[in-house]
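Asks: Sequence and computational prediction follow.
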Amino acid sequence: MIAKTRIIGIDPGSRCTGYGVIDSDGFRHNYIASGYLKIKGDELPERLGSIFNQVAGVIEQWQPQSMGIEQVFVNKNVDSALKLGQARGAAICACVNAQLPVDEYTPRAIKKAVVGNGSADKQQIQQMMKILLKLDFVPQSDEADGLAIAVCHANHMQIKNRGIANKVRGGRWR
């Protein structure tokens, strides 16, 4: 029997941060919890403190063993990307403070891992999370993104672990 790992996926935002918690053995994923954190505060430093504290609370409640987070991408608005990067930093600090290993994934890699298409839209992500995790509801967009990041991370951990096991046995990728 393959051991399950509890994983948290974080979709950072300076106003709303989504999260998803799953248990996974790399092949089968079981839904544990998901939601979104409404970030309090008018000024950015206040909001960053809120992200740190609320993510720390979710970690304490659900006790994940590993964390995946979305990487920042710069679109047209550099100011928004900087704020997103700072929100991401606050979430990462909460995870590091809880001694969780952190892995980062591009939005395209996340979409490709859960939908099979790196250009998938929000509704496709939501529907795939409902199907893959056998949910009886369609998750809100930010929480669906958090769940998708957790599933992407679980898939990558399985590949990484298989590679380590093959190296130990002196084998090749199968």
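Replies: That came in fine, so what should we check first?

Asks: pLDDT weak spots in this protein?
Replies: Regions of the chain meeting the criterion pLDDT under 70 cover residues 1-2, 74-75, 160-174.

Asks: how about the strands in it?
Replies: All strands of the chain, identified by DSSP state E, fall at 5-11, 16-24, 29-38, 66-70, 102-105.

Asks: For the third one, buried residues please.
Replies: For strand 29-38, burial by neighbour count (16 or more other C-beta atoms under 10 Å) applies to 29, 31-32, 34-37. C-beta: built from backbone N, CA, C; applies to glycine.

Asks: what's residue 103 in contact with, if anything?
Replies: Residue 103 makes contact with 66-69, 153, 156-157 under the criterion C-beta atoms under 8 Å, 6 or more residues apart in numbering.

Asks: Who does it form a beta bridge with?
Replies: residue 68 (DSSP bridges).

Asks: which one of the buried residues of strand 29-38 sits closest to residue 108?
Replies: Closest approach to residue 108 among the buried residues of strand 29-38 (C-beta to C-beta): residue 29, at 20.4 Å.

Asks: Nearest residue to that closest one in space, please, no chain neighbours.
Replies: residue 22 (4.9 Å; C-beta to C-beta, 6 or more residues apart in numbering).

Asks: So in terms of bridging, what pairs with that neighbour?
Replies: residue 7, residue 31.

Asks: what's the neighbour count on it?
Replies: Using other C-beta atoms under 10 Å, residue 22 has 28 neighbouring residues.

Asks: Check the one 5 residues further on too.
Replies: Residue 27 has 9 neighbours, counted by other C-beta under 10 Å.

Asks: for it, phi and psi?
Replies: Dihedral pair for residue 27: phi -110, psi -50, per degrees, to the nearest 10.

Asks: Please name the nearest non-neighbouring residue to it.
Replies: With sequence-adjacent residues excluded and distances taken as C-beta to C-beta, 6+ apart, residue 27 is closest to residue 158, at 6.8 Å.

Asks: List the residues that contact the one you found.
Replies: 24-27.

Asks: what's the closest of those residues to residue 47?
Replies: residue 24 (30.7 Å).
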